[in-house]
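In: This is a predicted model, with the sequence first.
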Protein chains: 4
Amino acid sequence: MISDPNSERRSERARRAILDAAFDLVNRKGFAKLTIEAIAAQAGVGKPTIYRWWRSKGAVVLEAMREELGDDFRFPDTGDIAADLATQITAVSQRLVTGRISEAYKGVMGEAQNDPELMKAFRETILEPSIAECRARLESAVAAGQLRSDVPTDVMVDLFYAPIHYRHFLGFGEDAVRRSAELVQDVLLGLRPRPEAE
Amino acid sequence: MISDPNSERRSERARRAILDAAFDLVNRKGFAKLTIEAIAAQAGVGKPTIYRWWRSKGAVVLEAMREELGDDFRFPDTGDIAADLATQITAVSQRLVTGRISEAYKGVMGEAQNDPELMKAFRETILEPSIAECRARLESAVAAGQLRSDVPTDVMVDLFYAPIHYRHFLGFGEDAVRRSAELVQDVLLGLRPRPEAE
Amino acid sequence: MISDPNSERRSERARRAILDAAFDLVNRKGFAKLTIEAIAAQAGVGKPTIYRWWRSKGAVVLEAMREELGDDFRFPDTGDIAADLATQITAVSQRLVTGRISEAYKGVMGEAQNDPELMKAFRETILEPSIAECRARLESAVAAGQLRSDVPTDVMVDLFYAPIHYRHFLGFGEDAVRRSAELVQDVLLGLRPRPEAE
Amino acid sequence: MISDPNSERRSERARRAILDAAFDLVNRKGFAKLTIEAIAAQAGVGKPTIYRWWRSKGAVVLEAMREELGDDFRFPDTGDIAADLATQITAVSQRLVTGRISEAYKGVMGEAQNDPELMKAFRETILEPSIAECRARLESAVAAGQLRSDVPTDVMVDLFYAPIHYRHFLGFGEDAVRRSAELVQDVLLGLRPRPEAE
DNA sequence: TCCTAAACGAGACGGTACGTCTAGTCTTGCT
DNA sequence: AGCAAGACTAGACGTACCGTCTCGTTTAGGA
């Protein structure tokens, strides 16, 4: 009769040690060579303690990444949507390819391709909040007449974010990913309000 | 004096049996639960025969996928670049989300995130030929005055293909992936020649 | 910090299952066809559990044999050394050629020829206790004037036990081994006190 | 319809290379780590050539040993049976524990414990010729009145040879084996003709 | 002297078992 | 009671050899 461990008895010390160990190891060894045993050993924790609170190493790393990332998905708003998009995409590309998060991200996303639950968790905790921020900014740009109003903002989000993730996942290399922000301008051209659409 | 086994002695029978078994198993069990032992067993082949010719299960599945795909990456050419892009993106989305290849593709790409050699092999055998075809078509559209000449065609390829892969890899669901062709038109708007840019 | 598994945490259930399976299999399949995998499978135990506690299949079988043998190496003492030796050698020959132990013994001794550690373990746990018992009996026979006092008792032990093992190891066949007890009398003749050694 | 390879077509070059390689390897690596593949590689020979002419690595090593030994099992005959036995046992002990043959012998005998065919071959090619020589010498000693005539000579052979093999196979160490010749005298005492047994 | 059948070298093959690694579960004190 | 520790069952890993089976290529005897 194993109750689920919804307890407040949970040890914060253990939780922190596990996330720190996971994050350290994924950066030093790479996601593929990361093992739950190694996390437990480095965290000074028993394996069951990990399994009690997480489903898989992907879930641990996802949470570690989330904490490392902070919960600030703020989108800049200078009034100039083109500049703000460039700023944001540049920031994201730096996170993905050079930042502390990059190894963990690559690992989690690879794993998530074959683990729907992990994908769901990723979307809920990271992707969707970030998309929501972007949409809000795009809405305000539409309202300001800087973007077409006949294209749904969630489609616009896809168009702006797609190239950077595409290049990242399909192995285009760090330079290409970093230069993704340049593409924003070409996409924007198609999303500007039609000059004199009669 | 251990030579690599580059021999003409290789058994075509074994090769076929392995690729067939791998492809069957990846579809029935999923990539994550696929094991080299199971491939060997189903193919009626010894494990060393697999390790002799492939580095990992990812490499086997990649090759199986490649064979299943055929080597035809032809891009349609009706003269109307918008229609051709829509046709092609639709075809790709069907391959990725509903086709025989979809499970294998997801598995290989997930694996490749953490296996640079596999990523390299994927790019060389599948991605780059397909990109080359697309670029050739775009060049002819540029020449025909249907597209801007001041945006490199390889950047255009990225813009057109990015949304579909972005939605696929970030878990947007089958419907979203399938509707990616619709985005082509919005991207195209930004890539049309400037009306009469003075 | 990998400690050797010297723990009291060891599962007695697993230990018994492994020894029982090993003993059963060595008798049914023969030592040469015995595998650690088969022992693990029949014992319902993981292979690492075996490797954690034993160095080789020889070591497992040695321990199984030891347990089967019991730790009673008692030597009979009726006061008549000739009779006692005959009794004991007969008993040993029955153990070696017809007893439950015979297959295991042959296997372990064959293996031990090429595995000094196994040989050492065999000598310490089985051979030396048994020799010690024999020597003690011979000492008392010397004291009783039934044997020469100028031949070291450990040499006598060798002389009495040698023929049976010699015949066993050099493949003289079951009958010859069983009749080894008869040779005791001829050896004894040389070890009786000299009649009129002046 | 596979004919056995009873041919005179056999390559003497290959045979020699195999036996030499086997003998070299068994001495350098030990019998346990000897493999047929390694023999084939070192001999510059295909594996099937070995399997065509021998059943197992034990059989190869046995033959290599036999050749190394030469076919001279002569027993010395000075007229003094005690001296001759001591000479012979000393010679055998040197062969077993220090000679070129020792590693091969230990390996073959260990293997033979679990391989009756190998044991049979060993007995026929090495043991029995050697025993026959010894018996012949003992017969002449009996005829000369140096040994009792009421003990069968094959039993005597066992008594003389047993200690050395016993010590060798049961791991008594090189010194003990080498000193086995000393025991001959004690055994002899029991086999001398009874002074005047009325 | 050539022919031809075999033995030969080479090495890929289907297999088996190896010994290791990691997963995920269960057990045993300790705090 | 939850924890650390770690032994447990389970099973895949990648490797080493096994013994068999083609392949051409010598090579040696009989025609």
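Out: The structure has been received and is ready for your questions.
In: contact partners of stretch A:125-132?
Out: A:62, A:65-66, A:69, A:71, A:73, A:154, A:157, A:161, B:170 (Cβ atoms under 8 Å, 6 or more residues apart in numbering or on different chains). (Glycine included, C-beta is placed from N, CA and C.)
In: mind listing what's buried in it?
Out: A:125-127, A:130-131 (16 or more other Cβ atoms under 10 Å in any protein chain shown).
In: Alpha carbons of it, as PDB, please.
Out: Provided in PDB are the C-alpha atoms of stretch A:125-132 (Å, rounded to 0.1, in the frame of the first residue of the first chain):
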ATOM      1  CA  THR A 125       6.400  24.500 -17.900                       C
ATOM      2  CA  ILE A 126       8.600  26.200 -20.400                       C
ATOM      3  CA  LEU A 127       7.300  26.400 -23.900                       C
ATOM      4  CA  GLU A 128       3.800  27.600 -23.400                       C
ATOM      5  CA  PRO A 129       4.600  30.300 -20.900                       C
ATOM      6  CA  SER A 130       7.200  31.600 -23.300                       C
ATOM      7  CA  ILE A 131       4.800  31.500 -26.200                       C
ATOM      8  CA  ALA A 132       2.100  33.300 -24.200                       C
END
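In: Look over the contacts of stretch A:125-132 and name the one with the lowest pLDDT score.
Out: Across these, the bottom pLDDT score, 74, is held by residue A:71.
In: if we can go back for a sec, turn the contacts of stretch A:125-132 into TSV, columns for distance to residue A:97 and secondary structure.
Out: As requested, the contacts of stretch A:125-132 are arranged in TSV below (distance: Cβ to Cβ, whole Å; DSSP: H, G, I helix; E, B strand; the rest coil):
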residue	distance to residue A:97	secondary structure
A:62	19	helix
A:65	15	helix
A:66	19	helix
A:69	15	helix
A:71	22	coil
A:73	19	coil
A:154	25	helix
A:157	21	helix
A:161	15	helix
B:170	17	coil
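In: and those residues, which two are the farthest apart?
Out: A:65 and A:154 (24.1 Å; Cβ to Cβ).
In: before we move on, the earlier item: rebuild the contacts of stretch A:125-132 as a markdown table, extending it with neighbour count.
Out: Shown next, in a markdown table, are those (neighbours: other Cβ atoms under 10 Å in any protein chain shown):
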| residue | neighbour count |
| --- | --- |
| A:62 | 25 |
| A:65 | 24 |
| A:66 | 18 |
| A:69 | 18 |
| A:71 | 10 |
| A:73 | 16 |
| A:154 | 14 |
| A:157 | 18 |
| A:161 | 24 |
| B:170 | 20 |
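In: Same list, those residues, but as TSV with distance to residue B:121 please.
Out: Output for the contacts of stretch A:125-132, formatted as TSV (distance: Cβ to Cβ, whole Å):
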residue	distance to residue B:121
A:62	28
A:65	28
A:66	32
A:69	32
A:71	38
A:73	35
A:154	35
A:157	32
A:161	27
B:170	23
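In: Of those, which is the nearest to residue C:7?
Out: Residue C:7 has its nearest neighbour among these in residue A:62, at 35.1 Å by Cβ to Cβ.
In: what sits against the closest one?
Out: Residue A:62 touches A:104, A:108, A:118, A:121-122, A:125-126, counting by Cβ under 8 Å, 6+ apart.
In: got any ranges where chain A has weak pLDDT?
Out: Applying pLDDT under 70 to chain A flags residues A:1-9, A:195-198.
In: now the residue of it found nearest DNA strand F: how far from chain C?
Out: At 2.6 Å from DNA strand F, residue A:46 is the closest residue in chain A, using Cβ to the nearest atom of the strand. From residue A:46 across to chain C, the span is 13 Å (Cβ to the nearest Cβ, to the nearest Å).
In: burial of that residue, as a residue count?
Out: Counted with other Cβ atoms under 10 Å in any protein chain shown, the neighbours of residue A:46 add up to 12.
In: number of nearby residues for the closest residue to it other than its chain neighbours?
Out: Nearest non-adjacent residue to residue A:46, counting by Cβ to Cβ, 6 or more residues apart in numbering or on different chains: residue A:40, 6.3 Å away. Residues lying near residue A:40 (other Cβ under 10 Å) number 20.
In: And residue A:40, which helix or strand is it part of?
Out: Using DSSP states H and E, residue A:40 falls within helix A:36-43.
In: how about the helices of chain A, start to end?
Out: Taking DSSP state H as the criterion, chain A carries its helices at A:12-29, A:36-43, A:47-53, A:57-69, A:81-97, A:102-113, A:116-122, A:128-143, A:153-169, A:174-178, A:183-191.
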